[in-house]
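In: can you look at this prediction? I've put the sequence above it.
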Amino acid sequence: MATKNISAPILPRVQDSTDIDRLWEASQRGTVFLMKHSLICGTSHAAIEQYAAFAAAHSDEATFSILEIQPHRDLSREVEERSGVRHQSPQVLRIRKGQVDWSATHWSITESKLQDALAEAS
């Protein structure tokens, strides 16, 4: 997975279907968080700051990745089909054992909600 600095920290980006496969495989061993991020949405920019800060503080407890929607609409559709969760952006999916078992969208993406989702997964 390629990385790009959006703010601290540098987070992995989903670039192709193989990256999606890797996330689903990683979910068999632990908790995975995937954020679907719109590059043109103010709400998404606020949400990614929360997500990035949370990921920085908890990178040893879960796998974190970002899917940028505009350049990868096909991958966003693939995640929707695989997960069964209707696409929204911004959106964070928690994946465990190959299943999305929690999600948050828009202003519900906060460090506090992510903390609750991580604690619930433990």
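Out: In hand now; what should we look at?
In: tell me the helix or strand right after the lowest-mean-pLDDT helix or strand in the chain.
Out: Taking mean pLDDT, DSSP states H and E as the measure, the helices and strands of the chain show their lowest mean at strand 2-4, namely a mean of 41. Sequence-wise, the next helix or strand beyond strand 2-4 is strand 11-13, with elements assigned using DSSP states H and E.
In: any idea of the mean pLDDT for that following strand?
Out: Strand 11-13 carries an average pLDDT of 93.
In: just stretch 37-51 next, same as before
Out: The pLDDT scores in stretch 37-51 average 94.
In: could I have it exported to PDB, CA atoms only?
Out: Output in PDB follows, covering the C-alpha atoms of stretch 37-51 (Å, rounded to 0.1, in the frame of the first residue of the first chain):
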ATOM      1  CA  HIS A  37     -12.300   9.800   2.500                       C
ATOM      2  CA  SER A  38     -13.500  12.400   0.000                       C
ATOM      3  CA  LEU A  39     -10.800  14.700  -1.100                       C
ATOM      4  CA  ILE A  40     -13.400  17.500  -1.800                       C
ATOM      5  CA  CYS A  41     -15.600  17.400   1.300                       C
ATOM      6  CA  GLY A  42     -15.100  19.700   4.300                       C
ATOM      7  CA  THR A  43     -16.700  17.200   6.600                       C
ATOM      8  CA  SER A  44     -14.400  14.500   5.400                       C
ATOM      9  CA  HIS A  45     -11.400  16.700   6.000                       C
ATOM     10  CA  ALA A  46     -12.500  17.200   9.600                       C
ATOM     11  CA  ALA A  47     -13.200  13.500  10.000                       C
ATOM     12  CA  ILE A  48      -9.800  12.500   8.700                       C
ATOM     13  CA  GLU A  49      -8.100  14.700  11.300                       C
ATOM     14  CA  GLN A  50      -9.900  12.800  14.000                       C
ATOM     15  CA  TYR A  51      -9.100   9.400  12.300                       C
END
